[in-house]
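Undergrad: mind folding the following:
(chains A and B)
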Amino acid sequence: DVKVTQSSRYLVKRTGEKVFLECVQDMDHENMFWYRQDPGLGLRLIYFSYDVKMKEKGDIPEGYSVSREKKERFSLILESASTNQTSMYLCASSSPDRGLSYEQYFGPGTRLTVT
Amino acid sequence: QKEVEQNSGPLSVPEGAIASLNCTYSDRGSQSFFWYRQYSGKSPELIMSIYSNGDKEDGRFTAQLNKASQYVSLLIRDSQPSDSATYLCAVNDGSARQLTFGSGTQLTVLP
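TA: Okay, here's the model as predicted:
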């Protein structure tokens, strides 16, 4: 079974702090993703990565950066946390199967509160 | 802009009934279709994938795909209170590595 883990389930940070969220997958997947999920807004893609050291902006990259130094690890960085970044953060990974499928597997999520 | 539309619900069905969840998508080139279940406060869990027109059954779940109508559905037979969750439809067009997610349908199964 695919396993995606995230560094924290719950996190409370202060405005202006630098925040690191880590994600690790154990299935040698090429693709990794960071989403945030807010009530009424659904899943929104922040950043994704197709390979080590590669990154692509998603729909809402402002205020975030990412790092992928190893294939299994994808980090989301909030350079200066703000209250509007209070959210559930979800990491996912995927790999092409039969050339068609890109089914994503999600980690348990990190509920971040910025005060 | 690729779009995936779902009725947000809430959809309520009595225990033992069939729950029918629907999803339409805008990109006619879409090739892979997925249903995720998300319990409150938890992360999405993949429950079904479908790639060809027709029905795909897995236990109490049946996914139905009609590419001509750009429509994919999920049927849950013999619904149980434990099926109460939000169900997300996701679509991939085969050219990109991302999925486009719908906003989800909240299902409540009443005992």
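Undergrad: up against chain B, what does chain A have?
TA: Residues of chain A that fall close to chain B, judged by Cβ under 8 Å from any Cβ of the partner chain: A:30-31, A:33, A:41-43, A:45, A:48, A:50, A:58, A:90, A:94, A:96, A:100-109. C-beta: built from backbone N, CA, C; applies to glycine.
Undergrad: filter those down to the ones in strands?
TA: If you go by DSSP state E, these have A:N31, A:F33, A:G42, A:L43, A:L45, A:F48, A:L90, A:S94, A:Y105, A:F106 in strands.
Undergrad: using CSV, please lay out those residues together with pLDDT.
TA: What follows is those, written out as CSV (pLDDT from 0 to 100):
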residue, pLDDT
A:N31, 92
A:F33, 96
A:G42, 89
A:L43, 94
A:L45, 95
A:F48, 95
A:L90, 98
A:S94, 90
A:Y105, 93
A:F106, 97
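Undergrad: pipe those residues into JSON lines and attach neighbour count per row.
TA: Below are those laid out as JSON lines (neighbours: other Cβ atoms under 10 Å in any protein chain shown):
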{"residue": "A:N31", "neighbour count": "19"}
{"residue": "A:F33", "neighbour count": "25"}
{"residue": "A:G42", "neighbour count": "18"}
{"residue": "A:L43", "neighbour count": "25"}
{"residue": "A:L45", "neighbour count": "20"}
{"residue": "A:F48", "neighbour count": "24"}
{"residue": "A:L90", "neighbour count": "25"}
{"residue": "A:S94", "neighbour count": "23"}
{"residue": "A:Y105", "neighbour count": "20"}
{"residue": "A:F106", "neighbour count": "23"}
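Undergrad: farthest pair in those residues?
TA: A:N31 and A:G42 (19.9 Å; Cβ to Cβ).
Undergrad: can you give me how far stretch A:103-115 is from the chain middle?
TA: A distance of 7 Å separates the centroid of the chain from that of stretch A:103-115, by Cα atoms, centre = their mean, to the nearest Å.
Undergrad: give the contact list for the nearest residue to A:P96 once chain neighbours are set aside.
TA: With Cβ to Cβ, 6 or more residues apart in numbering or on different chains as the criterion, A:P96 has its nearest non-adjacent residue at 6.1 Å, and that residue is A:Y102. Applying Cβ atoms under 8 Å, 6 or more residues apart in numbering or on different chains, we find A:Y102 in contact with A:N31, A:S94, A:S95, A:P96, B:S32, B:N92, B:R97, B:Q98, B:L99.
Undergrad: ok, the fifth one - how many residues close by?
TA: Per other Cβ atoms under 10 Å in any protein chain shown, the neighbour tally for B:S32 reads 20.
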